[in-house]
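Asks: this one's sequence-less:
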């Protein structure tokens, strides 16, 4: 009963923070959620959760990374594979070495292997936190794709480095050759495990489910199980479960598993959006719940390795120094690596953007740490094989948690400042592609309607011909207005065509809203039952989905924040 009650409280807190953020718009969602979690865990509030790293990794990490891989544009990921790999692999190694030596120099009581372990858990970034911070800012699309791809891939490389550092700290044995070979085996095995799970689910869907009436809830449930299956399969054979979840998410969109009924796609998108909101919120609330215990453990006297570090201000100075070194290392890596890629691209005749100081600074501050860092730090063993306490464990966890908080605060304050007044390219390639695709779809629809109209006219009588002509004109009217709005050469004609489309969209949105209101009135008057209401409302929802998110007062589409 206690576990169920705690889970319900956690869900309520996540929903409550979503409401609070709408009022406190200055702070990003993760900081609010961490603050609420810390307040609930404060002595007297009574809410305490012991975070098991293995359960945390299994429950939260696979679905979140699966969703990130699912939504990551595959074309952009392939085009940006060089900077993504440079950030996800090269920067991780650079960070582990640089931060490890710095921590050992700054705090000699922490052994070098343990310092490298801390560098391993501090190297992964959190794309969820970056998206939450930059939701109200204008980030270049290409940079966001690099940051998202980096965050998906560097979790595995950082945790593998952390694993080998822990082995070196507990056994005193380390081989660079064995570590390199093991890393590639673990990474490749994880990717293959994720692909295998997607293939198995796809074959099951094709051969079993497609043979009968497809139930949307069943397909969505299979999708929900995929990241967990990929993670468990990879971990069972000693591979990277994180990369397996990412690979499953990236390959599922390349199969026909999602080419199903419209109801299935709508249900799947809704369920995944809700789960992402809940899981993301729960991760940061849980992080806040751990903070009081982490601080108390780090300040506890009597430990041989950090007995003199009793002052919280001194501990926070360590956190600030490590955070600054992380930003400097990331800045240096981006400054050098992106310029090398720029000059190589120029030699190949590719037109690329030369990174400036502000671009490099934005990229450096975007390296926000999150859930994987804390879970990795909490997974440090309590004792060495001989029974002695693990050196500096509580201090390591405190430093990791402090860096997470400081990176969130630094990103929240620094990114808006750096992005203020920046002039990015006027035309977003994504908007251009959407416009071209909309025009091509409209032209194809008109051609199909015209061909079908001729077929019906030949096979029917005069009444069918007249009815078909009127119906075809109504169907093609909407597509012709879209083409006219895009192809108009004269400014006045273009404004008129665009305005016509907006007015039509406004009228259609108002009509759909009126339909909902009338159906609700009929239900209250007991003239229709709940089943009839649900079916008719579902039809209106589909029509509104095709219309898009529209403001009935202006006829324009709502602006969506980047996620």
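Replies: Nice, I can see it. This structure is a prediction, so every number in the text was calculated from the model and none was measured. Numbering: from 1, shown residues only.
Asks: so where's the stretch 51-200 of the chain uncertain?
Replies: Scanning the stretch 51-200 of the chain for pLDDT under 70 picks out 127, 132, 134-137, 173-174.
Asks: now the helices for it?
Replies: Applying DSSP state H, counting those that start in this stretch to the stretch 51-200 of the chain gives helices spanning 53-71, 74-79, 81-85, 91-106, 112-122, 127-133, 141-171, 176-204.
Asks: buried sites along the third one?
Replies: So that's helix 81-85. Within helix 81-85, the residues scored as buried using 16 or more other C-beta atoms under 10 Å are 83, 84, 85. No exception for glycine: its C-beta is placed from N, CA and C like everyone else's.
Asks: out of those residues, which comes closest to residue 420?
Replies: Top of the list for closeness to residue 420, among the buried residues of helix 81-85 and by C-beta to C-beta, is residue 83 at 24.7 Å.
Asks: please tell me how far the closest one sits from residue 249.
Replies: 20 Å (C-beta to C-beta, to the nearest Å).
Asks: now swap in residue 396 and tell me
Replies: On the measure of C-beta to C-beta, residue 396 and residue 249 end up 31 Å apart.
Asks: then residue 271?
Replies: 15 Å.
Asks: and residue 396 and residue 249? which has more neighbours close in?
Replies: residue 249 (27 against 23; other C-beta atoms under 10 Å).
Asks: excluding its backbone neighbours, what's nearest that one?
Replies: Of all residues not flanking residue 249 in the chain, residue 69 sits nearest, at 2.7 Å (C-beta to C-beta, 6 or more residues apart in numbering).
Asks: go ahead and confirm that neighbour touches residue 151.
Replies: No - assessed by C-beta atoms under 8 Å, residue 69 is found out of contact with residue 151, at 10.8 Å.
Asks: just the buried residues of whichever strand or helix holds residue 296, please?
Replies: If you go by DSSP states H and E, residue 296 is part of helix 262-299. Residues of helix 262-299 classed as buried under the neighbour-count rule (16+ other C-beta under 10 Å) are 264, 266-268, 271-272, 276, 278-295, 298.
Asks: and the helices in the stretch 401-550 of the chain?
Replies: Using DSSP H, counting those that start in this stretch, helices in the stretch 401-550 of the chain cover 429-459, 462-487, 491-524, 530-547.
Asks: before we move on, the earlier item: let me know the average pLDDT across the helix holding residue 296.
Replies: Helix 262-299 carries an average pLDDT of 81.
Asks: which is the next helix or strand following that helix?
Replies: Scanning onward from helix 262-299 (DSSP H and E), the first element met is helix 312-347.
Asks: how many neighbouring residues does residue 218 have?
Replies: Residue 218 has 12 nearby residues by other C-beta under 10 Å.
Asks: and the closest residue in space to residue 41 that isn't next to it in sequence, how far from residue 18?
Replies: Leaving out its chain neighbours, the residue that sits closest to residue 41 by C-beta to C-beta, 6+ apart is residue 289, at 4.4 Å. Distance of residue 289 to residue 18, given as C-beta to C-beta: 18 Å.
Asks: could you do residue 30 as well?
Replies: Distance from residue 30 to residue 18, by C-beta to C-beta: 12 Å.
Asks: looking at those two now, which is surrounded by more residues?
Replies: Each of residue 30 and residue 18 has its neighbours counted (other C-beta under 10 Å); residue 30 has more, 32 against 15.
Asks: in this structure that one contacts residue 130, no?
Replies: No - in this structure, residue 30 is not within contact of residue 130 by C-beta under 8 Å, at 9.8 Å.
Asks: residue 31 and residue 374, how far apart?
Replies: From residue 31 over to residue 374 (counting by C-beta to C-beta), the distance is 15 Å.
Asks: ignore the last one, residue 327
Replies: 19 Å.
Asks: and residue 216, by the same measure?
Replies: For residue 216, the distance to residue 374 - C-beta to C-beta - is 36 Å.
Asks: so which of those two has more stuff around it?
Replies: residue 374 (26 against 17).
Asks: list the contacts for the more buried one?
Replies: Listed by C-beta atoms under 8 Å, 6 or more residues apart in numbering, the contact set of residue 374 reads 287, 290, 400, 401, 404.
Asks: where's it, which helix or strand?
Replies: Using DSSP H and E, residue 374 falls in helix 371-378.
Asks: if anything else comes up later, I'll come back, but that's it for now.
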